[in-house]
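Enquirer: Attaching a predicted model along with its sequence, questions to come.
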Amino acid sequence: MLIISAEEMKKVLSMKEAIEAVKEAYKTLSEGKSIVPLRTNISVEKEKGQILFMPAYVGGVNFAGVKIVSVYPENIKKGLPSVPATMVLVDGETGIVNAIMDGTYLTRLRTGAASGVATEILSNKYAKKAIIFGTGGQAETQLWALLSVRDLEEVYVYDIDFNRAKDFAQKMSQNFKNYGAKITAVENSDEVLPEVDIITTVTTSKKPVFNGNLIKKGVHINGIGAYTPEMQEIPEEAVLKADKIFVDSKEACLAEAGDLIIPLKKGTIGEEKITGEIGKVLTGELPGRTSENEITLFKSVGLAVQDVVTAAKIYEKALELGLGSKITL
């Protein structure tokens, strides 16, 4: 069994490779080659947290696994990750655990890669400006993914804490200076929304984080942070305006995605508003963007199939490079 740290994981898989892994995961899911039960979500009200157990088997790569991921927003005050996690990877042929790895970095990597996949196939090819809402642990890989698939000139960053947004923008300007994009913190997102080509939300908000009346034609939206029926980052105006809405899993989003469940329950939209799963765009069963003026929306709640395929790629490359600590139980 290999124990693989976050630092070792960073050495073996680039964002572009992670994006390809997530594409494979989405395809496998839409082709019916995976078994992905809905996650088990345990609320820990005393600590304002949640602990999630996310299992899956992926036939295409013949690996299974379970990720234990917690969402504890108060951890930020303690200097700890707000989304700590551990991934257990299981050999599909033998059923033996062959790796345990840092699930926090895995979550950040594959979640960023999910936006990367959607942005690559749904946003306008010549998109130049983007905005990211939220500067928590997931935000850096979201930015990395956007920069990996589009030649962006400017990325705006918004957070309810403007000082945190400024610190994040300054740090990311250094981390991603090779991409050439200007990264700017904004105090009022309304001022830049009408000009952005890509919107990414990565918060745990229970109320919309931007003004849906201000988005322009042709914008692409990634709704990434909200993963429960009560959370709602995306305003209903934006959902209504969307010409096409793609999801990572229709079953999972109808059970967990407040961004869609809330307007569905109100009768603002019908289920037919959901165009389909993004995996079907990748397999060619559904068309993606077909005009520059279309507003596209990708809603993701995060799936264990993404974790398993990405973890399998990391495990295989770690073996190849001689990384990770071997242990025997």
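Expert: Perfect, I can see it now. Residues are numbered from 1 along each chain as shown.
Enquirer: tell me how far the ends of stretch 277-287 are from each other?
Expert: With CA to CA, to the nearest Å applied, stretch 277-287 spans 11 Å between its terminal residues.
Enquirer: Would you indicate which residues of the helix or strand hosting residue 43 are buried?
Expert: According to DSSP states H and E, residue 43 maps onto strand 40-44. Neighbour counts over strand 40-44 (16 or more other CB atoms under 10 Å) mark no residue as buried. The C-beta positions use only the backbone N, C-alpha and C, and glycine is treated the same way.
Enquirer: Helices of this structure, start to end?
Expert: 6-12, 15-30, 103-122, 139-149, 162-175, 236-241, 250-256, 258-266, 278-282, 304-321 (DSSP state H).
Enquirer: name the helices or strands packed onto the first one?
Expert: On a contact count with 3 or more CB pairs under 8 Å, 6 or more residues apart in numbering; DSSP states H and E, helix 6-12 meets strand 97-102, helix 103-122, helix 304-321.
Enquirer: could those go into JSON lines alongside distance to residue 223 and mean neighbour count?
Expert: Output for the helices and strands packed on helix 6-12, formatted as JSON lines (distance: least, CB to CB, whole Å; neighbours: other CB atoms under 10 Å):
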{"stretch": "strand 97-102", "distance to residue 223": "26", "mean neighbour count": "21"}
{"stretch": "helix 103-122", "distance to residue 223": "10", "mean neighbour count": "26"}
{"stretch": "helix 304-321", "distance to residue 223": "16", "mean neighbour count": "24"}
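Enquirer: Tabulate those in CSV, adding columns for distance to residue 89.
Expert: CSV is the format used below for the helices and strands packed on helix 6-12 (distance: least, CB to CB, whole Å):
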stretch, distance to residue 89
strand 97-102, 4
helix 103-122, 10
helix 304-321, 5
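Enquirer: partners of the strand holding residue 43, with directions?
Expert: Strand 40-44 pairs in its sheet with strand 49-58 (antiparallel), by DSSP bridges.
Enquirer: could I get the partner strand in PDB with only the CA atoms?
Expert: The C-alpha trace of strand 49-58 is given here as PDB (Å, rounded to 0.1, in the frame of the first residue of the first chain):
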ATOM      1  CA  GLY A  49     -19.700  21.000   9.800                       C
ATOM      2  CA  GLN A  50     -20.600  18.100   7.600                       C
ATOM      3  CA  ILE A  51     -18.800  14.800   6.900                       C
ATOM      4  CA  LEU A  52     -19.300  13.100   3.600                       C
ATOM      5  CA  PHE A  53     -18.500   9.500   2.500                       C
ATOM      6  CA  MET A  54     -18.200   9.200  -1.300                       C
ATOM      7  CA  PRO A  55     -17.800   5.700  -2.800                       C
ATOM      8  CA  ALA A  56     -17.500   4.600  -6.400                       C
ATOM      9  CA  TYR A  57     -16.400   1.900  -8.700                       C
ATOM     10  CA  VAL A  58     -15.100   2.800 -12.200                       C
END
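Enquirer: So what touches that strand?
Expert: Under the criterion CB atoms under 8 Å, 6 or more residues apart in numbering, residues 25, 28, 33-37, 39-44, 63-74, 92, 228, 302-305, 307-309, 312 lie in contact with strand 49-58.
Enquirer: among the helices and strands packed on helix 6-12, which is nearest residue 288?
Expert: helix 103-122 (5.0 Å; CB to CB).
Enquirer: Touching, residue 21 and residue 112? I think so.
Expert: No - between residue 21 and residue 112 there is no contact under CB atoms under 8 Å: 11.7 Å.
Enquirer: about what we covered before: distance from the chain centre to the strand holding residue 43, please.
Expert: Centroid separation between strand 40-44 and its chain, computed with CA atoms, centre = their mean, to the nearest Å, is 20 Å.
Enquirer: Residues contacting it, please?
Expert: 49-53, 228.
Enquirer: now residue 239: how far from residue 277?
Expert: As judged by CB to CB, to the nearest Å, residue 239 and residue 277 stand 17 Å apart.
Enquirer: Looking at those two, which one has more neighbours?
Expert: Using other CB atoms under 10 Å as the criterion, residue 239 and residue 277 rank with residue 239 on top: 26 against 23.
Enquirer: quick one: pLDDT of that one?
Expert: With respect to pLDDT, residue 239 has a value of 97.
Enquirer: Surely it is in contact with residue 258?
Expert: No - look at residue 239 against residue 258 with CB under 8 Å: they stay out of range, at 11.1 Å.
Enquirer: Among the contacts of strand 40-44, which one lies nearest to residue 191?
Expert: residue 228 (30.4 Å).
Enquirer: quick one, phi psi at the closest residue to residue 128 other than its chain neighbours?
Expert: In space, and not counting its chain neighbours, residue 128 is closest to residue 153: 4.6 Å by CB to CB, 6 or more residues apart in numbering. Per-residue torsions, residue 153: phi -100, psi -30 (degrees, to the nearest 10).
Enquirer: In contact with residue 153: list those residues for me.
Expert: Residues near residue 153 by CB under 8 Å, 6+ apart: 128-129, 180-182.
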